[in-house]
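**Student:** With the input below, show me the fold.
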Amino acid sequence: MDNFAEYMVKKKPSAKDNTKKIAILILAALLSAATIFFTIFTHIPFLLLITCGIIFGAYFFLTNLSVEYEYAITNGEMDVDKIIARRKRVHLITVNVAKFDAYGPFTDDIPDDTSRTLVLCSDNTGEGEYYADLETEEYGSTRIIFTPNNSIQNAIELALPRHLRR
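**Tutor:** Residues are numbered from 1 along each chain as shown. As a prediction, this is how the structure comes out:
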């Protein structure tokens, strides 16, 4: 019988994301006002197309700040994808759960390991986060920080090496 679980988590905007949103809105408003001002004084209606482009660009950049992560586990193999603005999917990593060196809730007690490549794909709330340490061919020593639900946790538990099972 196949073991399959899938879960999608939306990343909560950080303070840095909110700052980017405000900066994009202010810049778009200033540039739009400037192009409208020049249109009025130069009587060149083509500049209004530039205003439309500025507004579209601001919309595009604002929606790109909307990020979701999808975790899919199939027979012990975990895939993590990043979905940007519900229009672009970027594959982050594929790992075999049986190769995990460490796995558990991510707390302050877990030491930082700067030698590991960090794959951060959590909801950015700091609650319910788990970590998994492993060696991969692509990234070498790797730590994945993610926010699984119960079905993902159960699928991982079934495929974990014996020494990591609870």
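
**Student:** Run through the neighbouring helices and strands of the host helix or strand of K21.
**Tutor:** Assigned by DSSP states H and E, K21 belongs to helix 15-42. Here helix 15-42 touches helix 47-63, going by 3 or more Cβ pairs under 8 Å, 6 or more residues apart in numbering; DSSP states H and E. Quick note: C-beta positions are derived from backbone N, CA and C, even for glycine.

**Student:** what's the angle between the helix it packs on and helix 15-42?
**Tutor:** 180 degrees (axes from the mean of the first three to the mean of the last three Cα atoms, to 10 degrees).

**Student:** What are the buried residues along helix 47-63?
**Tutor:** Buried positions in helix 47-63, judged by neighbour count with 16 or more other Cβ atoms under 10 Å: L47, I50, T51, I54, A58, F61.

**Student:** Surely the third one is in contact with F38?
**Tutor:** No. T51 sits out of contact with F38 when judged by Cβ atoms under 8 Å, with a separation of 9.7 Å.

**Student:** Any idea how far apart the tips of stretch 83-100 sit?
**Tutor:** By Cα to Cα, to the nearest Å, the extent of stretch 83-100 from end to end equals 25 Å.

**Student:** Kindly report the same for stretch 118-131.
**Tutor:** 10 Å.

**Student:** Buried residues of that stretch, list them for me.
**Tutor:** V119, C121, S122, D123, N124, E129, Y130, Y131.

**Student:** I'd like the distance from that stretch to the chain centre, please.
**Tutor:** Stretch 118-131 sits 10 Å away from the centroid of its parent chain (Cα atoms, centre = their mean, to the nearest Å).
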